[in-house]
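Engineer: Generate coordinates for the sequence data below:
(chains A and B)
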Amino acid sequence: MSASRATSGGLGAGRVALELALLAAVLLGINYLASRHYLRGDLTRGQTFSLSDKTISILRGLTAPVEVIVFMIPSGPGANDLYSDTHELLERAARYTPYLKVDYVDIDRDPERLRAAAKRYKLDRDDIENGVMVVESGSQSKFVVRSELADYDSGDEGPPRLIAWKGEQALMSAILTVTEAHAPVLCFTQGHGEPAIDSLEPGAFGDFAEMLRRDHNRVQAIELSIDIPTDCNLVVMSSPEQPYAPAETKRLDALLDRGGRLWALLGPSVDAKIEHFAPTGLEDFFSHHGVALGENVVVDTPNLPGSPTDFFVSEGYGEHPITSRLMHHRTLWTLSRQVRAVPLPGGEALEIVHSSDDGWGETDLALLRIPPSLSFDSKRDVKGPISLAVAARKKLGESRKHSDEARWVVLGSSEMAASRVALSYNRDLLLGTVAWLCDVGPKIAMGPREPEDFRLSLDATQTRRIFLVCVLALPLFALFFGLGIYWVRRS
Amino acid sequence: MRAFTIARRELFAYFTSPVSYIVLTLFLAIEGYSFWVLTELLNQSQNSHGAVLQYFFGGTFLFWLIELFLVSVITMRLIAEERRLGTLEPLLTAPVDEWEVIVGKYLGALGFYVCLWIPTLLYVAMLQAYSPVGVRLDLGPVASGYGGALLIGASTISVGLFCSTLTRNQIVSAVLAFVGLTLLLLVGALGDAMLRSGPWAPLFSYINIRQHAEDFGRGIVDSRPIVFHLGIVIFSLFASARMLEWRRGR
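Structural biologist: Down below sits the predicted model:
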């Protein structure tokens, strides 16, 4: 020690500065290494933030670059409540692979980047308001939206409360989706006055097609006057202005015979004067395939103000993969017809969405021409609950190699897909239908994480007691104890 | 060993100083108020999800106000007062090294800081006592929250101690520490908030001590903030010892 004293006695400012600079350099190096190689533990009881072994294995197995771009407001007014969980998920995921690059676009503070990204990824207002994550690899991309990240309990009052965090499954599904080379090809039939997939006019399918593309699908138009291309994974047809010809429905027959997949969005078809229901040319085809198309317009409550044909369904969902996430959530049905399941030899047809018991199938088309004062007519109208969607499947024989079963879905509305203001659960219904038909459901099965839900139910006396103990008694005890010590020392 | 003797002496000095009790009173009043507000939030049906005490550990302005204030006050006297009273020289002529003086004083201040937090364990006990039947408080995030408070206290106290070696005036020392620590807090927090992407984003995220505290409060224990804060402790203590040595040699 005395030696140390002797040498340090003449310590110069230059030497001190040099030593400090050296130590700073060493510590900076250590911190740099620590930032590259770190551990991130999770002390929560439910391991809320930890990644599953399956996720870690997928991440370690990545061989192609994947970029995740997060569009969310992290803090301040309008902050996205999922930001910190999303950030935590990506932070942990990036630990396991050098191929995962994460970028954040602060919607609030980075308008320039937001504008460029909005143009590139075609973000809409919902994306910006609710936040969205775009997962991209090469030319493939997939959007992960709020409803895929978390489940909320709407509750009786106040804002919805988060009850389940599903971000890990959503991210992994998206990564697996974009790293696969093949995106399902969805072929929209055209040529009968169907809504155009490249138009953003009211009633067109431009937004719908874009929504499908964002969910990692390829969208193209086809004519049924020629054979259906073999690369079509799903044929999508909607309410026609001119009926389908028998030769065209034969091609649909052939499609289902070889295990193809078909989705029909068929709202009420009416003549030009809106006086009579018009044939679609699909009535016989579907009746042979377990679906009967009703000639009526479904009316129900609750509905949009002044529009009884724009109603909500929140409870009438059947047990089916398409509707499994929708129970207690509202989907908006616009200008819908009844579609019923009828016996399907060798297969099954299930009604998966119903109106409420109070709804009915209105047969008087006057409701579409003049503001209605509607009432149920037991002689002409169809009593609720009215089936609004049917999902059917049929196993094929051993000899058919293309697919082992044919699947088809008929929704009794095409307007719900054409609406520019797609409710989030309408989106879930539409994308869920594509996922079931193309058999591309979640790529990875993983249970949601339930965050800690700790709530107190204190009465006024207990609240007052906490205030008295914590804010008054404890600090005053410390103060008087200090005064006591001071007094003792003085005396 | 001699450092521990100095630490014990320092800790005793804290408990016999009226200023320490004023600091303790203020700390408990503000933390108690924060806790009471938290229980009000938890008493509402629509509280947000996540660890119960995450906002108690670094999630509020009050937390940082009291943290920076109390660290500045409990460290201001460590060296500055000894120099003002002229007791530093006798201490250094005793058979102790500068390092031992610095580490001893640092451990004493850190010990007092820990003592400040101990009464807040009553809050946890109250939450347990008032929790609904069948619901148990998740103690993991609570433990990591306290761990985070200790870690941040350790690094900020070391900065405060260094400031105390720079002057013989306690008020100047406290102001220096408060300004320095506020800068440390703001540079990380504001930088991280303003630059979430780009080449500087990882740096600001790394030094964002506000985020460190919040993460610990949520039950997330990361090795990076631990290395960062221990780095600050080592640098500050080394700089303090060298400063003491240099001043003595002048």
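
Engineer: which stretches of chain B form helices?
Structural biologist: Ranges of helices in chain B, per DSSP state H, are B:2-15, B:18-42, B:61-76, B:80-85, B:88-93, B:98-117, B:121-130, B:139-166, B:170-194, B:201-206, B:209-218, B:223-249.

Engineer: Adding mean neighbour count as columns, could you present those helices in TSV?
Structural biologist: All C-beta atoms are positioned from the backbone trio N, CA, C, and that covers glycine. Putting the helices of chain B into TSV (neighbours: other Cβ atoms under 10 Å in any protein chain shown) gives the following:
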stretch	mean neighbour count
helix B:2-15	16
helix B:18-42	20
helix B:61-76	21
helix B:80-85	18
helix B:88-93	14
helix B:98-117	21
helix B:121-130	15
helix B:139-166	24
helix B:170-194	18
helix B:201-206	16
helix B:209-218	25
helix B:223-249	20
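
Engineer: quick one, phi/psi of the closest residue to residue A:206 other than its chain neighbours?
Structural biologist: Of all residues not flanking residue A:206 in the chain, residue A:200 sits nearest, at 4.1 Å (Cβ to Cβ, 6 or more residues apart in numbering or on different chains). Backbone dihedrals for residue A:200, given as degrees, to the nearest 10, come out at phi -100, psi 10.

Engineer: Tell me which of the helices of chain B lies nearest to residue A:215.
Structural biologist: helix B:201-206 (29.2 Å; Cβ to Cβ).

Engineer: Does chain A have contacts with the closest one?
Structural biologist: Yes - contact between helix B:201-206 and chain A, assessed by Cβ under 8 Å from any Cβ of the partner chain, occurs at B:201, B:202, B:206.

Engineer: Chain neighbours aside, what residue packs nearest to the last one?
Structural biologist: Pointing back at residue B:206 there. Going by Cβ to Cβ, 6+ apart, residue B:206 has residue A:35 as its nearest residue, at 5.7 Å.

Engineer: Which per-residue confidence value corresponds to that neighbour?
Structural biologist: At residue A:35, the pLDDT value in this model is 92.

Engineer: and it, that's in a helix?
Structural biologist: Yes - under DSSP: H, G, I helix; E, B strand; the rest coil, residue A:35 falls within a helix.

Engineer: ok, back up a step: now, among the residues of helix B:201-206 next to chain A, which is nearest to chain A?
Structural biologist: Using Cβ to the nearest Cβ, residue B:206 is the member of those that sits closest to chain A, with 5.7 Å.

Engineer: ok, back up a step: can you put the helices of chain B in CSV and add mean pLDDT?
Structural biologist: Output for the helices of chain B, formatted as CSV (pLDDT from 0 to 100):
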stretch, mean pLDDT
helix B:2-15, 90
helix B:18-42, 91
helix B:61-76, 91
helix B:80-85, 81
helix B:88-93, 73
helix B:98-117, 94
helix B:121-130, 91
helix B:139-166, 95
helix B:170-194, 90
helix B:201-206, 87
helix B:209-218, 92
helix B:223-249, 92
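
Engineer: okay if I get those helices as TSV plus distance to residue A:47?
Structural biologist: Shown next, in TSV, are these (distance: least, Cβ to Cβ, whole Å):
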stretch	distance to residue A:47
helix B:2-15	38
helix B:18-42	23
helix B:61-76	27
helix B:80-85	47
helix B:88-93	50
helix B:98-117	27
helix B:121-130	21
helix B:139-166	9
helix B:170-194	26
helix B:201-206	24
helix B:209-218	13
helix B:223-249	18
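
Engineer: closest to residue A:137 out of the ones you listed?
Structural biologist: Nearest of these (Cβ to Cβ): helix B:201-206, 22.1 Å.

Engineer: Against residue B:12, how distant is whichever residue of chain B sits closest to chain A?
Structural biologist: In chain B, the residue found nearest to chain A is residue B:21; the distance is 2.2 Å by Cβ to the nearest Cβ. Using Cβ to Cβ, to the nearest Å, we find residue B:21 at a distance of 14 Å from residue B:12.

Engineer: Residue A:185 too?
Structural biologist: From residue A:185 over to residue B:12 (counting by Cβ to Cβ), the distance is 79 Å.

Engineer: could you list every residue that touches the spatially most central residue of chain B?
Structural biologist: For chain B, the residue nearest the mean C-alpha position is residue B:153 (1.9 Å; Cα atoms, centre = their mean). Under the criterion of Cβ atoms under 8 Å, 6 or more residues apart in numbering or on different chains, the neighbours of residue B:153 are B:67, B:71, B:110, B:113, B:114, B:117.

Engineer: Rebuild those residues as CSV, extending it with distance to residue A:238.
Structural biologist: As requested, these are exported to CSV (distance: Cβ to Cβ, whole Å):
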residue, distance to residue A:238
B:67, 62
B:71, 67
B:110, 71
B:113, 69
B:114, 69
B:117, 65
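
Engineer: How much space separates the closest residue to chain B within chain A from residue A:460?
Structural biologist: Relative to chain B, the nearest point of chain A is residue A:482 (2.2 Å; Cβ to the nearest Cβ). Computed as Cβ to Cβ, the residue A:482 to residue A:460 distance reads 32 Å.

Engineer: Those two: which has the busier surroundings?
Structural biologist: Higher neighbour count among residue A:482 and residue A:460: residue A:482, with 21 against 7, using other Cβ atoms under 10 Å in any protein chain shown.

Engineer: so where does that one fall, helix or strand?
Structural biologist: helix A:474-490 (DSSP states H and E).

Engineer: That helix to helix B:98-117, inter-axis angle?
Structural biologist: Helix A:474-490 runs at 130 degrees relative to helix B:98-117, counting by axes from the mean of the first three to the mean of the last three Cα atoms, to 10 degrees.

Engineer: what's the closest non-adjacent residue to residue B:60?
Structural biologist: Closest to residue B:60 by Cβ to Cβ, 6+ apart is residue B:34, at 6.1 Å.

Engineer: my guess is residue A:71 is in a strand, correct?
Structural biologist: Yes - secondary structure of residue A:71 (three-state DSSP): part of a strand.

Engineer: which non-adjacent residue is nearest residue B:228?
Structural biologist: Nearest to residue B:228 is residue A:31, by Cβ to Cβ, 6+ apart, at 6.0 Å.

Engineer: Which positions in the helix or strand hosting the one you found come out as buried?
Structural biologist: If you go by DSSP H and E, residue A:31 is part of helix A:13-36. Residues of helix A:13-36 classed as buried: A:16, A:23, A:27, A:31, A:34, A:35 (neighbour count, 16 or more other Cβ atoms under 10 Å in any protein chain shown).

Engineer: Alright, that wraps it up for me.
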